[in-house]
Structure formats: C-alpha cells, structure tokens
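Asker: Next comes the sequence, and after it the predicted model I'd like to discuss.
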Amino acid sequence: MNRKKFLIQSGILSSALLTKKIDAQNLFTSENNNQTKPIVVSTWKHGLTASIKAMELIQSGADSLTAVEKGINIVEEDPSITSVGIGGYPDAEGNVTLDASIMDWKGNAGAVAYLQNIINPISVARKVMENTKHVLLAGKGALEFAKSTGFKEQNLLTENAKNKWLKWKEKKQELISPHLNHDTIGLLAIDKSGNISGGVSTSGWAFKLPGRIGDSPIIGAGLYVDNEVGGACSTGLGEEAIKSVGSFLIVEKMREGFSPNEACKYVIERIDRKTTNKNKFQLAFLAINKNGEVGSYSLLPGFEYAKVISENSVLIKSASLKQ
C-alpha cells in the first residue's frame with residue numbers, strides 16, 4: 001500500500017468518528033463504570049486509525065480476532081510510522097526485522113519473531129496460530145512459513161529509515177535510548193459477543209543488535225488475553241516486559257479484583273522497584289477487563305492510547321509513575 005492510498009483511507013476512517021483528547025487522570029473514576037460493548041483500545045496516536053478500523057469491522061459483524069488483525073494491518077502498512085511494519089527502523093546491520101503476536105478468546109496464540117520482508121507480521125502470526133501446532137516461529141523459518149501460506153516478500157526499508165540508519169552508523173553510536181523509538185502497536189478488542197482478542201506488532205528497538213527479539217512475540221510479556229478476565233499489552237522497552245512477564249501479571253491482578261488501571265500501575269511500580277536502569281527507558285501497559293473497563297499506566301510521561309466505542313473515539317493521555 002502506498003502512502004497516498006493510506007492517507008486517503010485514514011482520512012475516510014477518521015472523518016467517520018469524533019476524536020478528542022482526554023487526560024487519564026480524570027478518566028478512571030467515572031467513565032469506565034458500566035462500560036458498553038463492543039470496545040477497542042490501542043497504544044499510541046498511530047493506533048487510533050487501527051482502532052477505528054477494528055470497530056468498523058466489529059460493527060459489521062466481524063469477531064474480535066479479525067478486528068484486531070485488520071486494525072493492526074493499517075499501522076503495519078503506513079510507511080510514515082518508524083516503529084511498525086514497512087518504514088520501521090532497521091537493526092544495526094540495516095535489516096528491518098519484525099515481531100508480532102496475536103491471541104483469541106479461546107486461549108489460542110500465534111507469534112513471529114525476527115521476520116524479514118513481510119509487511120504484515122500480525123497476519124503471519126494468525127496463520128501460525130491457525131495453521132500449525134506451534135505458537136512462535138522465528139527468523140528464516142517464519143519467513144519460509146509466511147511464503148508458503150501466500151505472503152509475498154517486499155523491501156521494508158524505506159528511504160527515510162535507511163537515511164536515519166546511515167546517519168546513526170556514520171556517528172558510530174551505541175544503541176540509541178530505547179524510549180526514543182519504541183512505539184509498538186498493541187490492540188485489544190471486545191466484540192458484540194463479548195469475546196476478547198488482542199495483538200501486537202513492532203519493528204522493535206531502532207538499530208538493535210542483530211538477532212534481538214523484544215517482548216511483542218512473547219506471550220505473557222508483550223500480550224496476554226484470558227476471556228474470563230481481560231487482556232493486556234505493552235509498549236516500550238521489551239526487555240523489562242519480558243523479565244516481569246508484565247502482560248500476564250496484569251491479567252492475573254485483574255483476576256484478583258484489581259481494576260485495569262490498578263493492575264497496570266501495580267506492574268509498573270514493581271518493575272521500577274526492581275530495575276537498576278532508573279529513568280532511562282519508557283515502558284507502558286494497556287489493559288481491558290471483561291466488563292469493558294480500560295486502564296493504562298506508564299513509567300515516564302508521554303504515553304497515550306486510543307479508545308473507540310460505537311461511533312466515538314478518544315485519545316487518552318496515560319497516567320505515569322514519573323512526572
């Protein structure tokens with residue numbers, strides 16, 4: 001999909017819904033009570049169009065799994081987004097490598113890691129879930145599987161991403177600060193039947209060491225869904241989400257009775273207590289429970305998420321541990 005076509009589609013989608021910004025500090029005590037279904041939430045401003053697309057599909061009768069996949073495809077196919085899909089910043093050797101995972105309300109999961117030359121890793125992850133007995137495929141094996149199921153190879157390194165990489169390489173820099181470019185798209189949806197699915201997709205840490213895999217394809221770290229309880233996803237420094245198994249932990253805290261906001265805050269505070277890398281990275285979680293209540297919390301300020309209900313969409317500024 002070229003940029004012109006993408007922008008036209010994005011404009012059509014965005015014009016169909018009312019979007020506004022809300023501060024999460026004033027959100028949790030009132031708006032989430034007795035939330036209606038269906039509902040879609042996603043990380044970052046670039047997740048707004050993905051959430052709108054997902055909601056349109058749900059309203060048309062699609063289940064939450066299809067809505068998650070097709071919503072995330074919108075972001076993967078946007079070359080202006082440098083942290084997901086085509087246009088994503090490459091690793092230290094100039095290769096764009098993608099991670100993604102998806103889960104449905106039945107507890108099924110699929111994921112791909114270090115996938116190259118395929119624009120829609122979330123769709124490949126769904127194929128892994130539905131067409132194999134595995135959960136995670138990586139590297140060359142993931143690529144060969146994708147091609148065997150009909151996906152076509154294409155160059156994912158845009159001129160913008162290539163130029164950024166060349167400038168970084170000329171300066172012989174160390175790894176760039178992980179909070180500068182780590183905007184994973186995570187999307188959680190509840191459909192008309194009340195079933196929850198979720199997915200995440202990313203090109204990962206810009207100019208990372210070759211072979212690095214983040215939390216996005218790790219079930220329980222970057223994504224977790226339990227249809228009896230809710231779902232959670234993460235964005236930011238994946239290493240910390242992996243070590244804390246953060247998304248799984250959030251769902252378990254919601255099982256204990258925590259609200260989505262309380263559960264996200266609990267995990268961020270726990271990570272902050274245990275890390276020695278103080279204030280040097282961003283990490284955020286987004287969660288939704290079975291009742292449609294939404295919550296988020298980040299380590300550093302700046303994280304925001306999109307929420308779409310019926311014909312209304314909002315972009316919400318998340319609360320954070322640090323100010």
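Answerer: Right, received. Where do you want to start? Numbers count the residues shown, from 1 in each chain.

Asker: now what about the one helix or strand S296 maps to, what contacts it?
Answerer: In the assignment (DSSP states H and E), S296 maps to strand 294-298. Contacting residues not belonging to strand 294-298 are listed as 24, 28, 32, 35, 39, 41, 236, 259-265, 267-268, 282-288, 303, 305, 307, 316, 318-321 [C-beta atoms under 8 Å, 6 or more residues apart in numbering]. Using the backbone N, CA and C atoms, a C-beta is placed for each residue, glycine as well.

Asker: got the contact list for S320?
Answerer: S320 neighbours (C-beta under 8 Å, 6+ apart): 284, 297-303.

Asker: What pLDDT does the model give it?
Answerer: Listed pLDDT for S320 reads 96.

Asker: Phi and psi next, for it.
Answerer: Backbone torsions for S320, taken as degrees, to the nearest 10, come to phi -140, psi 160.

Asker: Please apply the same query to K317.
Answerer: phi -80, psi 120.

Asker: Next one: it from G198, what distance?
Answerer: From K317 across to G198, the span is 22 Å (C-beta to C-beta, to the nearest Å).

Asker: quick one, which of the two is more surrounded?
Answerer: A count of neighbours by other C-beta atoms under 10 Å puts G198 above the other of K317 and G198, at 32 against 19.

Asker: Just list whatever residues bridge to that one.
Answerer: G198 forms beta bridges with M103, L188, as assigned by DSSP bridges.

Asker: Now for it: which residues touch it?
Answerer: 68, 102-103, 186-189, 223-225, 231-233.

Asker: which one among the residues you listed gets closest to G110?
Answerer: I102 (5.6 Å; C-beta to C-beta).

Asker: returning to what we had before: so can I have a markdown table of the contacts of G198 showing distance to N155 and neighbour count?
Answerer: As requested, these are exported to a markdown table (distance: C-beta to C-beta, whole Å; neighbours: other C-beta atoms under 10 Å):
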| residue | distance to N155 | neighbour count |
| --- | --- | --- |
| V68 | 26 | 34 |
| I102 | 25 | 33 |
| M103 | 30 | 31 |
| G186 | 26 | 32 |
| L187 | 26 | 34 |
| L188 | 31 | 31 |
| A189 | 31 | 33 |
| L223 | 28 | 31 |
| Y224 | 33 | 27 |
| V225 | 33 | 32 |
| G231 | 33 | 33 |
| A232 | 34 | 34 |
| C233 | 28 | 34 |
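
Asker: Neighbours of the nearest residue to I309 once chain neighbours are set aside, how many?
Answerer: Of all residues not flanking I309 in the chain, I39 sits nearest, at 5.2 Å (C-beta to C-beta, 6 or more residues apart in numbering). For I39, the neighbour count with other C-beta under 10 Å is 25.

Asker: What pLDDT is listed against the residue nearest to T97 when sequence neighbours are not counted?
Answerer: Spatial nearest neighbour of T97, excluding adjacent residues (C-beta to C-beta, 6+ apart): Y114 at 4.8 Å. Note for Y114: predicted pLDDT of 98.

Asker: Please identify the helix or strand for Y114.
Answerer: Using DSSP H and E, the element containing Y114 is strand 109-115.
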